[in-house]
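[1] Got a predicted structure plus its sequence, pasted below:
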Amino acid sequence: MTKTRTIFITVFHSFITKNILNTDVFSIVTADKSIQFILLVPDTKYDFFKDTYSKENVEVVAVKNDVLTKTRTAKFFSIWSHLLIDSHYLWYKRRERLETNKTVRGFLKYGFEMTITKLISGRHIMHPLFRKLFLEFGRQSEIKLIFDKYSPDCVFSTDAFDESDVLFAGEAKRRGIKLISMVRSWDNCFSKGLLRVIPDKLIVNNETLKEEAVSFHDVSSENVAVLGSPQYDNFTRAVRTPREQFFKQTNLDPNKKLIIFAPAGAILSDTDWQIATVLKEAVESNQFIFPVQFLVRNHPNHPADLSAIKGRADMVIENPGKVFNKQNPKETELTKNDSRHLADELYYADTVVWVATTLGLDSIIFNKPQIVINFDGWEKNYSYIHSVKRYHSEDHMKKMLNCGGVTVAKSKQELIDSINHYLKDPSWNQEGRDKVKKQQFYKLDGKAGKRIGEFILANV
């Protein structure tokens, strides 16, 4: 009798439900009943995952990942992995910490980190040693026990840079177990430090990520599979909700132009309320060339303070996702309905306005005009390190903005003028949007989930 194979699937970041479990990836791999799947999930969300995703050949296992990633050893390797990559994001995060701790200790720490980064980042000769030390000393006994109990034949790490994922990836590497990893998001190669465990196979969404994984993280080109973004399959192939029905369900006026505004969120900015006020006052003073309304879409993991516009019929506020802990919005999970609704609202939007979010990428799929806000409301005295401007200098963001498909608004007037320009001429900057699409996407054919699912099964 053939032994049943076992595959671990890590599900620690809140976007993995959207990217993997709610897509064809999960349905295709779990259709193979000869394989037993173990979903490794945060213990705080165990009931949700068990009720939603467990079935005959899918078992859900709770992991105290918050505890595991905060051990002294885990923190040590996390810190050094970030020192081995020199990026704009990692620089300004250090500067932010310095701004909140301007003591002798704070300045010494900042100086030490910057010096070490400049000395060793980019020196690939250091990478094998760091990874060897991680495998030698980064083992977690709790994770070892999970491997002992289930004896997996393969680990599918859905977020190669995640602090919890790397602990399971490391254990797979120590045991010689097949490791398939995936880069979760377009910024990860610059923002999450050095890839601590080189997988047997690495799945990426596009050629840009492949180039970054090879150049910065030492992954062999032949072991990187460019397969697309499964979370967008529904965008390209599903039938959209009828327009009248969508506008009615969302409490919107079908006779007005629809502008989606995505604030930065409480973690990233404290002036979202000012931008919302700017838009509100522009509506009230008839500064737009057409009657408009705003669908204000909060980030599911860090919602903004939007009390300044609460209750307005022409500024509908959305808080997507299933919230598990109101004190920790990062524990929000996006459902299939959330993904369908996002696709609908982008499809019917006339323009998309954002501060710091992947919504800009999402809207490119429907070729939507978009504007990035590069000013801090009326707080004109904000230094660079406190301004939203720092987000738009991130390495991955600059790559996209350099394509010219996104209008950068540097003031209130530029924001209003740009919205009017797009409402009058949606084809403005079309060539740039085409460049962004080519840079950030691979085969938007609705089959990315199928490709990834089949790839995993073929490589178990």
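    Thanks, I have the structure now. Residues are numbered from 1 along each chain as shown.

[2] domain ranges for the protein?
    5-70+127-229+445-458, 86-120, 235-440 (automatic domain parsing).

[3] worst average pLDDT in the ones you listed?
    The weakest mean pLDDT among the domains of the chain belongs to domain 235-440, with a mean of 91.

[4] Now do it: distance from first to last residue.
    15 Å (C-alpha to C-alpha, to the nearest Å).

[5] coming back round to it: please name whichever of the domains of the chain is nearest to residue 78.
    The closest of the domains of the chain to residue 78 is domain 5-70+127-229+445-458. By C-beta to C-beta, the value is 6.0 Å. The C-beta positions use only the backbone N, C-alpha and C, and glycine is treated the same way.

[6] for that closest one, how far is the first residue from the last?
    Termini of domain 5-70+127-229+445-458 sit 13 Å apart (C-alpha to C-alpha).

[7] how deep is residue 255 tucked in, by neighbour count?
    8 (other C-beta atoms under 10 Å).

[8] wouldn't it be in contact with residue 291 here?
    Yes - in this structure residue 255 lies within contact range of residue 291 using C-beta atoms under 8 Å: 7.1 Å.

[9] contacts for the helix or strand hosting residue 25?
    Using DSSP states H and E, the element containing residue 25 is helix 24-30. With contact meaning C-beta atoms under 8 Å, 6 or more residues apart in numbering, helix 24-30 is reached by 7, 20, 35, 37, 53, 55, 57-58, 230, 233, 447-450, 452-454, 456-457.

[10] repeat that with 6 Å
    For helix 24-30, contacts defined as C-beta atoms under 6 Å, 6 or more residues apart in numbering pick out 20, 37, 58, 230, 449-450, 452-453, 456-457.

[11] Give the next helix or strand downstream of it.
    Helices and strands here follow DSSP H and E; after helix 24-30, the next one along the chain is strand 35-42.

[12] helices or strands next to that next one in the packing?
    Using 3 or more C-beta pairs under 6 Å, 6 or more residues apart in numbering; DSSP states H and E, the elements in contact with strand 35-42 are strand 5-10, strand 58-63.

[13] strands paired with the first one, and their directions?
    Same thing as strand 5-10. In the sheet, strand 5-10 lines up against strand 35-42 (parallel), strand 154-157 (parallel) (DSSP bridges).

[14] looking at the ones you listed, which is buried most?
    Mean neighbour count, computed with mean count of other C-beta atoms under 10 Å, is highest for strand 154-157 among the strands paired with strand 5-10, reaching a mean of 26.

[15] where do the strands sit along the chain?
    For the chain, strands defined by DSSP state E occupy the ranges 5-10, 35-42, 58-63, 154-157, 178-182, 201-204, 224-226, 257-262, 292-297, 315-318, 351-354, 370-373, 407-409.

[16] Please list the outside residues in contact with the longest one.
    It stands for strand 35-42. Residues from elsewhere that reach strand 35-42 (C-beta under 6 Å, 6+ apart): 4-11, 30, 49, 57-61, 63, 65, 150.

[17] Export that strand to CSV, keeping only CA atoms.
    What follows is strand 35-42, C-alpha atoms only, in CSV (Å, rounded to 0.1, in the frame of the first residue of the first chain):
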residue,chain,number,x,y,z
ILE,A,35,-2.0,13.8,-0.2
GLN,A,36,-2.7,14.8,3.4
PHE,A,37,-2.4,18.6,3.8
ILE,A,38,-1.6,20.3,7.1
LEU,A,39,-2.5,24.0,7.4
LEU,A,40,-0.2,25.6,9.9
VAL,A,41,-2.1,28.6,11.3
PRO,A,42,-1.9,31.1,14.2
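
[18] Make 42 the starting number, not 1.
    In the new numbering, first residue 42, that becomes strand 76-83.

[19] now the angle between strand 99-104 and that strand, please.
    Angle, strand 76-83 to strand 99-104, by axes from the mean of the first three to the mean of the last three C-alpha atoms, to 10 degrees: 30 degrees.

[20] what about the helices in the stretch 392-501 of the chain?
    Counting by DSSP state H, counting those that start in this stretch, the stretch 392-501 of the chain has helices at residues 400-405, 436-442, 453-465, 471-481, 489-499.

[21] about what we covered before: could you export the helix holding residue 66 as PDB, CA atoms only?
    The C-alpha coordinates for helix 65-71 follow below in PDB (Å, rounded to 0.1, in the frame of the first residue of the first chain):
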ATOM      1  CA  ASP A  65      -7.500  27.700  -7.400                       C
ATOM      2  CA  VAL A  66      -4.100  26.900  -5.800                       C
ATOM      3  CA  PHE A  67      -5.800  25.400  -2.800                       C
ATOM      4  CA  SER A  68      -8.700  23.700  -4.600                       C
ATOM      5  CA  ILE A  69      -6.300  22.100  -7.100                       C
ATOM      6  CA  VAL A  70      -3.800  20.700  -4.700                       C
ATOM      7  CA  THR A  71      -6.400  19.400  -2.200                       C
END
